[in-house]
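Student: got a sequence here, can you model it:
(2 chains)
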There are 2 protein chains.
Amino acid sequence: MSYPLSVTPRTLMGPGPSSVHPRVLQAMALPCIGHLDPDFIGIMDRIQVMLREVMMTDNELTIPVSGTGSAGMEAALCNLIEPADRCVVCINGVFGNRMADVCGRYGGEVVEVTAPWGEPVDPADVQDALRGSKTKLVGIVHAETSTGVLQPLDEISRLTHEAGALLVVDCVTSLGGHPVKVDEWGIDACYSGTQKCLSIPPGLAPVSFSPAGVAAMDSRTTKVANWYLDMTMVRSYWGSDRTYHHTAPVNALYGFHEGLSLILEEGLEARWARHKANHELLVAGLAEMGLAMLPAPEYRLWSLNAVCIPDGVNDVAVRKRLLNEYNIEIGGGLGELKGKIWRIGLMGHSSTPNNVITLLGALKAILQ
Amino acid sequence: MSYPLSVTPRTLMGPGPSSVHPRVLQAMALPCIGHLDPDFIGIMDRIQVMLREVMMTDNELTIPVSGTGSAGMEAALCNLIEPADRCVVCINGVFGNRMADVCGRYGGEVVEVTAPWGEPVDPADVQDALRGSKTKLVGIVHAETSTGVLQPLDEISRLTHEAGALLVVDCVTSLGGHPVKVDEWGIDACYSGTQKCLSIPPGLAPVSFSPAGVAAMDSRTTKVANWYLDMTMVRSYWGSDRTYHHTAPVNALYGFHEGLSLILEEGLEARWARHKANHELLVAGLAEMGLAMLPAPEYRLWSLNAVCIPDGVNDVAVRKRLLNEYNIEIGGGLGELKGKIWRIGLMGHSSTPNNVITLLGALKAILQ
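Tutor: Coordinates of the predicted model:
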């Protein structure tokens, strides 16, 4: 039997997806065409040009992987790691943990550098971990979606390269909302998701590899232990050869193309400023209500606001009322922060003063 | 800089994607909501119910993987294979070759059973390959997109199970156009793509695992060597626990939901009959023009018609004229059949008498 399809529109202020601009939705509804159609090849070419601009990089291998952000993480790691490679992985939340898990599955010898959830990783700890054996890569989360922490990268990038290692950065929740300067910061492999500050529906994962990252792939002595995400093949599909690999997700890429256009029409600097301003508006409003943020001010993401749930307040009941009475989605905590924080996303098209004002009013009404 | 987005609508009669029904496109343009939203959880539940009906199975683990058909292939294999497992892989085209490549990357000891491109695999050869050491799985392509060959499965299924092995079937180009009876045929793991006979844009891969397939996963002694496609985690996300794994591609799944509804509204039997009738109409018309099919009549796919290119005809020039003058896409040959065949898809929404008539007329005009 078949079923009718209907969805209640929501104001998306959780950890993603964020609200999608109507232009992106309409782009996804354009007629599907062949993935080798000249029109589609033009779309693939322009996507790469625009994505490089958004990621602030000249890296040739800068493409959206045909999977969600987690596939981007796996693509960044599985292409670089060969069995027994030493991987220093920084963990201060769920996604650092995930990175360590992925590295292990590809035979990496994982060395964990930890920090308390809600705090950034200390470069001195990375420096310690880099002593001893030769390290292949340092993996770190720029914007930890589970804790709302922004990780400064400059010092860690310097240390990583001094040790001759590659820097792999998770910018799932920062790209398009915070500066992510792939070339300037010396990032060798970087991945994001579409459903955060890019405000495109989930399903694609932008990745970029530096020349050093590509050289590491080229000098592998073993096949990449993952067929679907093997960049040595995927890059020929996105390159001028157009060697068939898989069938690109055509309509999702229409949406991606339109979403990148929207970002570049707004301008990166203006977009960052908007994310910062709405974050500050939210934090000020929460403070007035006596609600505190989890991370210290200098390490707070603008895109993902981790708010401590006051004692005696029922996490789930509040989020249910927000959803059912106001059609506003916010997120709960993950892992050890479950029940302790709310995660309020101000990402991409969701980052508006109107959304902040409405949420604050709704929260006030519920908490009073 | 940003770019305008536009596509020339085409009649899609290549090896996929096929033309997408407007209802599916409109479904994809619905507002994005959270992947844990009660509305979306309902959508995920109904998708599983409808997909089981389309795949003719009661298998609980029957879901769309968040990647294209190739990710479905990898998901079917990587979850079952542990290092040194013996894998008998049947190869009579590109996708059998790909299966062998994937098995090897997960440490499988691959035993190849081959047949000439354009012919089915002989069960006697599978029987020979199953002699000797204990085999973990037999991998075979039901509908070889590169050659247009339909592979009978009953005898090979019987031999596989007699040998205590699991049967893994590629039904990328058959599901929704030909009968694919997962339970009746004793298939243990099966994968497809959306952009063929399901007529949904590329980006998702329906998979189904039998109880024996799930038991094989549950008794693994090693972690699945692929994080994104690890069904031991993905199935908790799609199950009643809703344990967070990755963020489902929300809008793509709207389209999938609507596409499955369309199939069940038409009815599977009626849909197969339509695919068969339009295939026969095409073959008769081609025969009148003196064009021959590559596979023997009893092994021809209805969904993908492999037509021998007559001597002296320029493959690329003909396809270019079809595209530029008639907006019709057909496919060229892959691998050893490049330049030797055309691949004419009559899949899902593209399988209409009108399309057959138009293509025959256009071909006649070009070839005369």
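
Student: what about the strands in the stretch 151-300 of chain A?
Tutor: A:166-170, A:189-191, A:205-209 (DSSP state E, counting those that start in this stretch).

Student: so who does the residue nearest the centre of chain A touch?
Tutor: Most central in chain A under C-alpha atoms, centre = their mean is residue A:172, positioned 0.5 Å from the mean C-alpha point. Contact analysis of residue A:172 by C-beta atoms under 8 Å, 6 or more residues apart in numbering or on different chains lists A:69, A:72-73, A:95, A:143, A:145, A:191-193, A:196. The way it works is simple: take the backbone N, C-alpha and C, and place the C-beta from them, glycine included.

Student: same question, residue A:360
Tutor: Residue A:360 neighbours (C-beta under 8 Å, 6+ apart): A:282, A:285-286, A:289.

Student: neighbour-wise, which one of those residues leads?
Tutor: residue A:282 (25 neighbours; other C-beta atoms under 10 Å in any protein chain shown).

Student: skipping adjacent residues, who's closest to that residue in space?
Tutor: residue A:356 (4.9 Å; C-beta to C-beta, 6 or more residues apart in numbering or on different chains).

Student: just the CA trace of the one helix or strand residue A:359 maps to, in CSV.
Tutor: Here residue A:359, judged by DSSP states H and E, is contained in helix A:353-367. The C-alpha coordinates for helix A:353-367 follow below in CSV (Å, rounded to 0.1, in the frame of the first residue of the first chain):
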residue,chain,number,x,y,z
PRO,A,353,17.3,37.9,14.3
ASN,A,354,13.6,36.9,13.8
ASN,A,355,14.4,33.3,14.7
VAL,A,356,16.4,34.4,17.8
ILE,A,357,13.6,36.7,19.0
THR,A,358,10.9,34.1,18.5
LEU,A,359,12.9,31.3,20.2
LEU,A,360,13.7,33.6,23.2
GLY,A,361,10.0,34.5,23.6
ALA,A,362,8.9,30.9,23.3
LEU,A,363,11.6,29.7,25.8
LYS,A,364,10.6,32.4,28.2
ALA,A,365,6.9,31.4,28.0
ILE,A,366,7.7,27.8,28.6
LEU,A,367,10.3,28.3,31.4
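
Student: returning to what we had before: now list the buried members of the contacts of residue A:172.
Tutor: A:69, A:72-73, A:95, A:143, A:145, A:191-193, A:196 (16 or more other C-beta atoms under 10 Å in any protein chain shown).

Student: report pLDDT for residue A:139.
Tutor: We have a pLDDT of 98 for residue A:139.

Student: touching chain B at all, stretch A:188-196?
Tutor: Yes: using C-beta under 8 Å from any C-beta of the partner chain, we find that stretch A:188-196 touches chain B at A:193, A:195.

Student: centre of the chain versus that stretch, how much separation?
Tutor: Its chain's C-alpha centre and that of stretch A:188-196 lie 4 Å apart, by C-alpha atoms, centre = their mean, to the nearest Å.

Student: what about the helices in the stretch 101-250 of chain A?
Tutor: A:123-130, A:154-162, A:211-218, A:231-238, A:250-266 (DSSP state H, counting those that start in this stretch).

Student: ok so, going back, pLDDT and distance to residue A:11 added to the buried ones among the contacts of residue A:172, as JSON lines?
Tutor: Below are the buried ones among the contacts of residue A:172 laid out as JSON lines (pLDDT from 0 to 100; distance: C-beta to C-beta, whole Å):
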{"residue": "A:69", "pLDDT": "97", "distance to residue A:11": "22"}
{"residue": "A:72", "pLDDT": "98", "distance to residue A:11": "26"}
{"residue": "A:73", "pLDDT": "98", "distance to residue A:11": "28"}
{"residue": "A:95", "pLDDT": "97", "distance to residue A:11": "25"}
{"residue": "A:143", "pLDDT": "98", "distance to residue A:11": "21"}
{"residue": "A:145", "pLDDT": "97", "distance to residue A:11": "19"}
{"residue": "A:191", "pLDDT": "98", "distance to residue A:11": "27"}
{"residue": "A:192", "pLDDT": "98", "distance to residue A:11": "23"}
{"residue": "A:193", "pLDDT": "98", "distance to residue A:11": "20"}
{"residue": "A:196", "pLDDT": "98", "distance to residue A:11": "16"}
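
Student: distance to residue B:202 for those residues - can I get that in JSON lines?
Tutor: Output for the buried ones among the contacts of residue A:172, formatted as JSON lines (distance: C-beta to C-beta, whole Å):
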{"residue": "A:69", "distance to residue B:202": "19"}
{"residue": "A:72", "distance to residue B:202": "18"}
{"residue": "A:73", "distance to residue B:202": "22"}
{"residue": "A:95", "distance to residue B:202": "28"}
{"residue": "A:143", "distance to residue B:202": "30"}
{"residue": "A:145", "distance to residue B:202": "28"}
{"residue": "A:191", "distance to residue B:202": "21"}
{"residue": "A:192", "distance to residue B:202": "21"}
{"residue": "A:193", "distance to residue B:202": "19"}
{"residue": "A:196", "distance to residue B:202": "23"}
